[in-house]
Each structure stands twice: as C-alpha cells, then as structure tokens.
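Colleague: Following is a predicted model, sequence given first.
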Amino acid sequence: MHYSKLKDFPQNFLWGASTSAYQVEGAIDEDGKSLSIIDMYEHPSDVANFSVASDHYHRYKEDIALFAEMGLKAYRFSIAWTRILPNGTGKVNEKGIEFYNNVIDECLKYNIEPVVTMYHFDLPYCLEEKGGWLNRDTIEAFVEYAKVLFIHYGSKVKYWLTINEQNTMILHPGAIGLPKGGKLPSKKDLYQQNHHMMLAQAKVMKLFHNMVPEGKIGPALNLTAMYPATCNPNDAIAAHNWEVLRCWNFVDVCAFGKYHPLAWSYLKDRNIAPEIQDGDFETLKGANPDFIAMNYYSTATIAASKGDASDVAARAGDQQIMLGEQGVYRPSENPYVEKTQYGWVVDPVGFRYTLRKVYERYQLPILITENGIGANDTLGPDGCIHDQYRIDFIQKHLHQMRLAITDGVKMLGYCPWAAIDVVSTHQGYKKRYGFIYVDRDEFNLKELKRYKKDSFYWYKQVIEENGKNI
Ligand code: BGP
C-alpha cells in the first residue's frame, strides 16, 4: 500500500531501549542473590560468561544518566527472581528489593518510564533442582514472586512484561543454554513446561489487574511472519504450520485463553500434548493482556517438509539453533533479504508485515521490546564507535514501523536491543547490540568504561524529533 502522507509517531510514544538482568548486571552472587539456571548452564568456554557482564549492578546510576542523556522515554529491563527470592519462594531478600527500587527511582528521576520484565530466562536454580517448569509447584512460585513485585513496585511501574520469549525457551532451548550434562528436555516435557508457564502467566495477569488496576501487562514473545519459499501451495501450508507453532499458538493461549486449533492437533497427533488438570482451561481464560510485547529480529522463509530427517538443519552460523521439523516445515533461503555478520536475516519490510499480522490477530497495542543488530563494533583510537550499520538497521525498521502505524497498527513504543552493550545469550561479548559501548573483551574486563556510539547521537536526535524524519 502506498500512501500520500505518512502518519506521525504518536505523542507519548515510548522511545526506549532494553536489557535483561543476567546479560547486563553481573554481580551474580552478591547481596544475597542466588544462582539461576543461566548462571549454572554450561556456557561455551571461548566466550564471556555472565559473572560480570556490563557491571550494571554497580554502575546503574552512570548508565541511567547516559540513557537520560540519550533522551530515552522508557527503559526495559528485567528483574532477577534470584535477587528477590533467593530460595525461589519464601524469604524476601531486602537487598534485592532495594536494588530494583533504586533502579526504578533513578529512571523516574529522569522521567524515564521503567518497563519491567518479570522473568527473562533466569529461573532460580533451586527451583530447577525441584523440576523447574515441569513441576506444577513452579506455577505458584511464580505467582508468589509476582505478588512481591507488585507489592513493592506496583505503584511506580506502569508497564510490565510477564515472561520473555517463552516460545524461544520451548522451541529452541539450546539457544538459552545447555543444562549440565548437555541434555535438553524432550518435546513432550517442553510442552508440559509450556503449559505450566501459560497457567502461571494467566494467574499473574489476573493478580496484576486486581493489585495494580492502573497498570498494563503483556506477554513478551519473539514474533515473526513466515514467507513460503515459492508460490507452491505446499510451501504456503508449511509456512503457516511454522508461523502457528512458533508464534500464534503462544499469543493465542495468553490472549484468547485457548490453544490454537492447528497447534493442538499437532500436539495430540505427535503425542506431546500436555497433561491438563481439572480447571486448567478455566485458569487460562480471562488473562486479558493489555498489550502485546514483541521482540523482532528477522523473518524466516519456509518450504514444504520432505518428510525425512533432511528437514532439520542448524541455523547458518549458529550450531545451537536447529531449524526445521520432519513433517512440519523445512527452512529455506530468501534471496531478497540481507544478513548480519552473524547470519541473521535483516528484513525491515518483514517487520511491517509482522506488525500487521499481530495487530490483525489480537487488536491490542504493540510494544516493541527488542529489535537490533549484533555486530563486532570497534572502539577507535579517538574514542568513537562508527556503527553506521546499526543506524541503517534501526532507521529502516523505524520507517517500516511508521508505515505500519499508517496502515492502522496501534504502537505503544519501541525499545530496541540494547540500551548498552550486554553479553549475548550464547555468543559472548564481541557480539554487541548497544547504543553505548562498554570497553571490555571476552575475558579482559579492562575498566568497563562507557563510550557513546554514533548510533547514540543519532537515536537521541530521532527521539527529540519524535521520529518526524524517519
Ligand atoms: C533475544 C533475547 C535477548 C537477547 C537477544 C539477542 O532472543 O530475548 O536476551 O539475547 O535475543 O540474541 P543473542 O544474544 O543470541 O544475539
């Protein structure tokens, strides 16, 4: 659709940026924090682990001052469950409460809206030892944790995200980390975990609406439209298969309170449907998310399954992410898109396409909680970081978002990944995403000094102009 005039970005648009606790904070065992599954996973030995990360735990004041200087209107960060309830449940750790109180107050001091993710991959390890999400008790543990957060921060934080990328945790558990011994759960167990997370999320959303009636809460999922590799109808069916299993099923359970019918048929047929207890379907109903938080990086292109093991292959440049499923879909290449140096598809138009689909399905406002480009930025001798590729990436995605807004999609804000350099989930520190450079290597921490990248100044200008030149 071509338009004679583009709509403006809304007034009060949340121009923001994101991080997550385990990737930015460090201090993994300080002030009463217990270890999470992420801290305990077998991390590749040739890249940075999370023990110091960007040392935000000790430098949050300096960092938030820089976010304010960049003009951020929102800062999306996650709270580490292990700081708040080191035993997973039970005794509250006052030092943990105090830390996030300080972070939130520091944001509010600069009129930065805190956007809080309650759970970003880092389940307390003590709960994992009791079965983790496979154990139904974890549902109540999450509700208890949520209640503590709403009591302490409900009056100060308006925007809340329940679970980050539940679909990645279930579909690509290897991308988050390998448990000790290297064994990933079976699909059956993963879908049982998924069901428990869905129940936990629905309960927490209902609790939230009671405890924080003025607040807004949503799920944060990694969403992306799929293209059929050709106009062969079988490719179109396969693309739809994967779009449903990867994206819509996860949002449907939260937004509509029921599994997507195609996903449910697949789960039943493969004998991997979760066990449902009395009352579960009632619990899932009425969660009423206020918005959809969406992480978007790339689209995928899909061909019909050949029905044999050749359907499955590792993602280009990343052995830890397997794509394809026998009898469901087969990954294919898209000749019309570019790729990052890490092999991730760059598809700004696909962003508009995905936004349209998400809004059409759920008719809820959308908050972008991640979008960005991982690259090996270099700090020049003059203290500058010329990351024009990041400016180009974000500029193109914002332009497509503006087109989506003109299409009628309701957008709340844009919080790209990342506010500052963080440790990549499994590809170390060299793969940087931030507007602010942190001077450290994989293993040499140096002084962890902060430098503003070219993209910092560019984004500041975009925010000042409310995106009018995008
Ligand atoms: C998302 C996660 C983030 C972040 C991002 C970039 O899936 O929610 O935590 O890690 O991906 O991925 P990576 O660090 O693997 O480059």
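Modeller: Arrived safely, thanks for sending. What you are looking at is a predicted structure, and each value in this text was computed from that prediction instead of being measured.

Colleague: got a list of what T378 touches?
Modeller: Residues near T378 by Cβ atoms under 8 Å, 6 or more residues apart in numbering: I385. For the C-beta atoms, the positions are set from N, CA and C on the backbone; glycine is no exception.

Colleague: how does it look with 10 Å?
Modeller: Applying Cβ atoms under 10 Å, 6 or more residues apart in numbering to T378 gives the contacts 384-387, 432, 437.

Colleague: Tell me the buried residues within these.
Modeller: Neighbour counting by 16 or more other Cβ atoms under 10 Å classes 385, 387, 432, 437 among these as buried.

Colleague: So what sits opposite whichever residue of the chain sits closest to the ligand in the bridge?
Modeller: In the chain, the residue that lies nearest the ligand is S424 (3.3 Å; Cβ to the nearest ligand atom). With DSSP bridges as the criterion, S424 is bridged to G428.

Colleague: quick one: it and G372 touch, right?
Modeller: No: if you go by Cβ atoms under 10 Å, S424 and G372 don't touch, sitting 11.2 Å apart.

Colleague: Pull up the overlap in contacts between these two.
Modeller: Jointly contacting S424 and G372 under the rule Cβ under 10 Å, 6+ apart are 418, 432-433.

Colleague: ok, and the closest non-adjacent residue to M198?
Modeller: Nearest non-adjacent residue to M198, counting by Cβ to Cβ, 6 or more residues apart in numbering: V253, 4.8 Å away.

Colleague: elements contacting the one helix or strand the one you found maps to?
Modeller: Using DSSP states H and E, V253 maps to helix 249-256. Applying 3 or more Cβ pairs under 10 Å, 6 or more residues apart in numbering; DSSP states H and E, we find helix 249-256 packed against strand 159-164, helix 166-171, helix 187-211, strand 216-222, helix 261-269, helix 280-284, strand 292-295, helix 348-362.

Colleague: Could I get the contacting residues of the closest residue to A300 other than its chain neighbours?
Modeller: Spatially, and ignoring its direct neighbours in sequence, A300 is nearest to M226 (5.4 Å; Cβ to Cβ, 6+ apart). Shown in contact with M226 (Cβ under 10 Å, 6+ apart): 235-236, 238-244, 246-247, 299-302, 329, 350, 353-354, 357.

Colleague: from the residues you listed, which ones fall inside strands?
Modeller: When DSSP state E defines the strands, the subset of the contacts of M226 inside them is 300-302.

Colleague: and of those, the nearest to D269?
Modeller: Comparing the ones in strands among the contacts of M226 against D269 with Cβ to Cβ places I302 closest, at 19.4 Å.

Colleague: what pairs with that closest one across the strands?
Modeller: Counting by DSSP bridges, I302 is bridged to P228, P331.

Colleague: tell me the contacts of it?
Modeller: By Cβ under 10 Å, 6+ apart, the residues touching I302 are 226-229, 235-243, 246, 323-324, 328-332, 334.

Colleague: what about 7 Å?
Modeller: I302 is in contact with 226-229, 235, 238-239, 242, 329-332, counting by Cβ atoms under 7 Å, 6 or more residues apart in numbering.

Colleague: Among those residues, find me the one that's closest to I470.
Modeller: Out of these, the member with the shortest distance to I470 (by Cβ to Cβ) is Y227, at 24.9 Å.

Colleague: per-residue confidence for the nearest residue to that closest one once chain neighbours are set aside?
Modeller: Leaving out its chain neighbours, the residue that sits closest to Y227 by Cβ to Cβ, 6+ apart is T301, at 4.7 Å. The per-residue pLDDT reported for T301 equals 97.

Colleague: my guess is T301 meets T230, correct?
Modeller: No: the pair formed by T301 and T230 falls short of the contact definition of Cβ atoms under 7 Å, at 9.7 Å.

Colleague: neighbour-wise, which of these two wins?
Modeller: Taking other Cβ atoms under 10 Å, T301 and T230 do not tie; T301 has more neighbours (21 against 13).

Colleague: Now do the contacts for that one.
Modeller: By Cβ under 7 Å, 6+ apart, the contact list for T301 reads 227, 229, 332-334.

Colleague: Neighbour count for S424 and G372, which is higher?
Modeller: More crowded of S424 and G372, by other Cβ under 10 Å: G372, with 25 against 18.

Colleague: returning to that earlier point: burial of the residue nearest to M198, as a residue count?
Modeller: V253: 24 surrounding residues under other Cβ under 10 Å.

Colleague: repeat for P348
Modeller: Counted with other Cβ under 10 Å, P348 comes out at 23.

Colleague: so who does the residue nearest to D407 when sequence neighbours are not counted touch?
Modeller: Leaving aside its chain neighbours, D407 sits nearest to R356 (5.8 Å; criterion: Cβ to Cβ, 6+ apart). By Cβ under 7 Å, 6+ apart, R356 lies in contact with 404, 407, 409.
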